[in-house]
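> 3D, please:
(one chain, ligands or ions: 2)
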Amino acid sequence: IYILGIESSCDDTSAAVICDGYLKSNVIASQKVHEAFGGVVPELASRAHQQNIVPVVSEALRQAGIEKKDLAAIAFTRGPGLLGSLLVGTSFAKGMAIGLGIPLVDVNHLHAHVLSHFIKTEENDEVPEFPFLCLLISGGNSQIVMVRSPYDMEIIGKTIDDAAGEAFDKCAKVMGLPYPGGPHIDRLAKIGDPKRFRFSKPHIPGLDYSFSGLKTSFLYTVRDGMKEDPAFISNNQADLAASLQHTIIDILTDKLAKTPQLKEVRHLAIGGGVSANSGVREAIQRFCDNRGIQAWIPPRAFTTDNAAMVAAAGYFKYLSNDFCDLSLPPYSRVTV
Ligand code: ATP
Ligand code: FE
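Ligands and ions are numbered 1, 2, ... in the order given. Take a look at the predicted model:
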């Protein structure tokens, strides 16, 4: 069974083919036009998707060594994300499904990040065991999710303001680093002192996250430092990055440690772009080792937006004949 996945929720146009759950191709066109603006410009994103979608899908089919007529279904990201971007992938998927006379499967982008652990490859076809906990940390979300089945996910903690990825990106911007700043912080943190600077951590009850206070505290540290030393940022780049990353990891793991559902699961996964972070990956591995839980750390290629995870999530729905009506529009926010 060949499934084509299409992802266009933000600024990456991606198409992937899986065969019976095994990855055959995963093509990603990242949009460079946004770099000069320090963030994603929605109108430019949808235009770039329109330019990329045909070549990206063709290349995914070519790399998989199949033709359109071999496909059993098309899975696409229906939301959440930027509406203009989602419209491109959604319209393309619908048109292609009508043309080929095959079913359509709509996929929730956040479910796809969680289910990225079910992308099987020739080298690795082990998958987590249900129920498992997933720390979903991306550019737009930070959630602790209890995953009982591919269709039954309960959000037990979420951010009340910024996402972890935004904390990385906005603080990186303060330091004058390019967008997205997360990977730059990761690189600099490797040679910095994580205890050099102290930034404030949130004191909110329950399992919800908050990152806006950290952002302000980081900004004030830089501002005060620059009063003493105009070259404060360049003189302290690595230590600022390492201390920021250390604080974000502390915030993430503090709440995880308080999650009562930890007792119910034997597996804990991470997903989303921030799970590419070296420090986060090490910390989660340690967190799980200390508790006798199996850690699921995704290959980096499956952490940021990609269509392989959309195809994998779509495959579960395909197997249970859960298809999408052609009249369903994309959605920018999660309403259910
Ligand atoms: P969402 O999935 O919530 O809609 P998104 O799709 O924009 O948001 P992703 O593509 O999952 O988000 O992740 C992008 C985020 O991951 C960015 O904030 C980026 O800085 C961050 N990121 C990527 N690599 C790293 C890294 N090595 N260290 C820290 N952050 C990283
Ligand atoms: Fe994403």
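> How many residues are close by residue 22?
If you count neighbours by other C-beta atoms under 10 Å, residue 22 ends up with 13. For the C-beta atoms, the positions are set from N, CA and C on the backbone; glycine is no exception.
> ok, it - contacts?
Residue 22 makes contact with 120, 121, 122, 125, according to C-beta atoms under 8 Å, 6 or more residues apart in numbering.
> any idea how far ligand 2 is from residue 88?
Relative to ligand 2, residue 88 is positioned 16 Å away (C-beta to the ion, to the nearest Å).
> For that residue, give me the pLDDT.
We note a pLDDT of 98 for residue 88 in this prediction.
> Run through the residues of the stretch 201-336 of the chain sitting next to ligand 1.
272, 273, 274, 276, 277, 304, 305 (C-beta under 6 Å from any ligand atom).
> What are the buried residues along stretch 149-165?
The neighbour-count check on stretch 149-165 (16 or more other C-beta atoms under 10 Å) flags 150, 153, 156, 157, 159, 161, 162, 163, 164, 165 as buried.
> low-scoring pLDDT stretches of the stretch 201-336 of the chain, where are they?
Residues of the stretch 201-336 of the chain meeting the criterion pLDDT under 70: 335-336.
> Around ligand 2, pick out the residues from it.
When proximity is defined as C-beta under 5 Å from the ion, the stretch 201-336 of the chain approaches ligand 2 at residue 305.
> Near residue 279, how many other residues are there?
There are 17 residues near residue 279, going by other C-beta under 10 Å.
> now residue 18, nearest residue through space, not along the chain?
Nearest non-adjacent residue to residue 18, counting by C-beta to C-beta, 6 or more residues apart in numbering: residue 311, 4.4 Å away.
> Checking that neighbour next. Helix, strand or coil?
helix (DSSP: H, G, I helix; E, B strand; the rest coil).
> The one 3 residues further on now?
Using three-state DSSP, the three-state assignment for residue 314 comes out as helix.
> Just give the nearest non-adjacent residue to it, would you?
The shortest distance from residue 314 to any non-neighbouring residue, by C-beta to C-beta, 6+ apart, is to residue 75 (2.3 Å).
> got it, and residue 21?
Using C-beta to C-beta, 6+ apart, the closest residue to residue 21 is residue 120 (4.8 Å).
> The one you found: neighbour count?
Other residues near residue 120 come to 18 when the count uses other C-beta under 10 Å.
> on that earlier part again, determine which two of the buried residues of stretch 149-165 are furthest apart.
Using C-beta to C-beta, the buried residues of stretch 149-165 span at most 29.4 Å, a distance reached by 150 and 161.
> can you map out the strands along the stretch 51-200 of the chain?
71-79, 104-108, 132-137, 142-149, 152-158 (DSSP state E, counting those that start in this stretch).
> any idea how far the closest residue to residue 138 other than its chain neighbours lies from residue 139?
With C-beta to C-beta, 6+ apart as the criterion, residue 138 has its nearest non-adjacent residue at 3.2 Å, and that residue is residue 272. Residue 272 sits at a distance of 8 Å from residue 139 (criterion: C-beta to C-beta, to the nearest Å).
> So for the two, which residue has more residues nearby?
Legend: neighbour count by other C-beta under 10 Å for residue 272 and residue 139, higher for residue 272 (27 against 21).
> Next one: that one from residue 10, what distance?
Applying C-beta to C-beta to residue 272 and residue 10 gives a distance of 12 Å.
> Now list whatever residues contact both of these two.
Looking at what touches both residue 272 and residue 10 (by C-beta under 8 Å, 6+ apart), the common residues are residue 139.
> circling back: TSV please, covering the strands of the stretch 51-200 of the chain and showing mean pLDDT and distance to residue 5.
Below are the strands of the stretch 51-200 of the chain laid out as TSV (pLDDT from 0 to 100; distance: least, C-beta to C-beta, whole Å):
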stretch	mean pLDDT	distance to residue 5
strand 71-79	98	5
strand 104-108	98	8
strand 132-137	98	18
strand 142-149	98	19
strand 152-158	97	19
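> do you know which of these lies nearest residue 207?
When these are compared by C-beta to C-beta, strand 152-158 sits nearest residue 207, at 3.0 Å.
> Can you confirm whether the closest one lies near ligand 1?
No: Strand 152-158 stays clear of ligand 1 (C-beta under 6 Å from any ligand atom), getting no nearer than 11.0 Å.
> got a list of what residue 251 touches?
164, 201, 202, 209, 211, 214.
> so what's the third one closest to, chain neighbours aside?
With sequence-adjacent residues excluded and distances taken as C-beta to C-beta, 6+ apart, residue 202 is closest to residue 210, at 3.9 Å.
> Can you tell me how far the one you found is from ligand 1?
16 Å (C-beta to the nearest ligand atom, to the nearest Å).
> What is the burial count for that residue?
18.
> who's in contact with it?
159, 160, 161, 162, 202, 204.
> which pair in these spans the largest distance?
The widest separation within the contacts of residue 210 (C-beta to C-beta) is 13.1 Å, between 162 and 204.
> okay but residue 27 is in contact with residue 61, surely?
No: using C-beta atoms under 8 Å, residue 27 makes no contact with residue 61, being 9.4 Å away.
> higher neighbour count, these two?
The residue with more neighbours, out of residue 27 and residue 61, is residue 27; 23 against 20, by other C-beta under 10 Å.
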